[in-house]
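In: The sequence isn't on hand, but the structure is:
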């Protein structure tokens with residue numbers, strides 16, 4: 001007797017009925033870059049289809065994102081000036097703080113998340129305060145906490161520390177609670193590797209380090225057990241959600257963290273992963289739409305509940321077109 005699994009692949013409807021992994025518009029978090037200016041929408045060359053927005057323009061963009069059913073955005077800021085300690089990161093009139101307020105005024109229902117890190121705000125491009133040519137972990141925690149509190153005060157629903165300083169989730173949770181922001185959540189970049197896939201993002205956010213690299217605080221790519229340790233530590237410190245970054249070369253890590261973590265798990269489909277698909281598509285080497293959907297399904301299949309992705313709008317249009 002021949003066993004015929006193909007019977008369950010015979011038609012699109014049958015395939016959809018028995019599909020093991022589902023992908024929804026509600027799974028997406030859209031990353032956005034905000035800058036000073038008026039009516040600005042500047043293309044990011046290494047990330048086709050992505051832009052740096054002024055506050056007024058980012059509100060319009062967020063309205064479109066919300067209309068597609070995407071429930072959340074995460075904001076990255078480009079300050080008007082930089083200094084050694086990233087003081088504009090916590091300024092009440094900072095560009096992210098202004099964007100949060102403007103978006104929440106127009107679309108109060110959308111979930112606004114904010115990146116909490118200093119790399120975009122420091123003149124040296126590192127994620128913390130520099131002392132003796134090294135990033136000083138504990139001196140950085142105070143500034144990160146001030147940044148997170150300023151975002152919460154502007155109306156952020158979640159703050160997302162991406163700096164990889166030890167103890168920053170506990171410090172931020174304490175700071176939020178002491179300022180009566182008990183309901184502001186923390187999406188922790190708990191498992192963030194020192195990856196070459198971040199290159200286009202560093203152009204988009206103007207955040208490349210001016211000396212050395214970030215291997216002293218971001219995780220070493222060959223390590224897997226360390227990822228579990230980092231995730232468990234951030235859970236203990238009070239994170240509400242956990243993230244693995246990047247996604248595609250670390251799908252095994254997504255799966256392992258999923259098996260150990262009881263919190264909602266996000267994975268970041270990062271700029272380099274996006275740019276490679278777009279470049280190959282523009283050269284006619286791949287079917288970009290199909291590859292995009294395979295990428296997103298692979299991240300969901302590995303165990304992610306939420307996906308931060310620059311593909312969110314394009315994927316949402318496809319998913320929405322299939323709703324009957």
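Out: Nice, I can see it. Note that the coordinates shown come from a computational prediction; the quantities given were computed from them, not determined experimentally.
In: Low-confidence bits of the stretch 151-300 of the chain, can you list those?
Out: Counting by pLDDT under 70, the stretch 151-300 of the chain shows low-confidence ranges at 205, 212.
In: now the helices for it?
Out: With DSSP state H, counting those that start in this stretch as the definition, the stretch 151-300 of the chain shows helices at residue ranges 168-178, 199-204, 225-237, 251-260, 271-282, 288-302.
In: Select, out of these, the one closest to residue 77.
Out: helix 199-204 (11.5 Å; Cβ to Cβ). (Each C-beta comes from the backbone N, C-alpha and C, glycine too.)
In: Pull the distance from that closest one to the chain's centre.
Out: Computed by Cα atoms, centre = their mean, to the nearest Å, the chain-centroid distance of helix 199-204 equals 13 Å.
In: other SSEs contacting that helix?
Out: The helices and strands touching helix 199-204, judged by 3 or more Cβ pairs under 8 Å, 6 or more residues apart in numbering; DSSP states H and E, are helix 271-282.
In: Return the set of buried residues in the helix it packs on.
Out: Within helix 271-282, the residues that count as buried by 16 or more other Cβ atoms under 10 Å are 271-278, 281.
In: Tell me the one of those nearest residue 19?
Out: Using Cβ to Cβ, residue 277 is the member of the buried residues of helix 271-282 that lies nearest residue 19, at 22.3 Å.
In: Can you name the residues that contact that closest one?
Out: Listed by Cβ atoms under 8 Å, 6 or more residues apart in numbering, the contact set of residue 277 reads 286, 288, 291-292, 295, 311.
In: 10 Å - rerun?
Out: 48, 248, 269, 286, 288-289, 291-292, 294-295, 310-311 (Cβ atoms under 10 Å, 6 or more residues apart in numbering).
In: Filter those residues down to the buried ones.
Out: Neighbour counting with 16+ other Cβ under 10 Å marks 48, 248, 269, 288, 291-292, 295, 310-311 as buried within the contacts of residue 277.
In: Among the helices of the stretch 151-300 of the chain, which comes closest to residue 22?
Out: Of all those, it is helix 288-302 that lies closest to residue 22, at 7.6 Å by Cβ to Cβ.
In: Against which helices or strands is that closest one packed?
Out: Under the contact criterion of 3 or more Cβ pairs under 10 Å, 6 or more residues apart in numbering; DSSP states H and E, the helices and strands touching helix 288-302 comprise helix 251-260, strand 265-269, helix 271-282, strand 306-309, helix 312-321.
In: For residue 191, see how far away residue 267 is.
Out: Counting by Cβ to Cβ, to the nearest Å, the separation of residue 267 from residue 191 is 9 Å.
In: just to revisit the earlier point, relative to residue 59, which of the helices of the stretch 151-300 of the chain is closest?
Out: It is, among those and with distance given as Cβ to Cβ, helix 199-204, at 19.2 Å.
In: can you list contacts of the closest one?
Out: The list of residues contacting helix 199-204 from outside it, by Cβ under 10 Å, 6+ apart, reads 31, 33, 42, 44-48, 50-52, 76, 78, 119-120, 125, 207-209, 268, 270-276, 278, 310.
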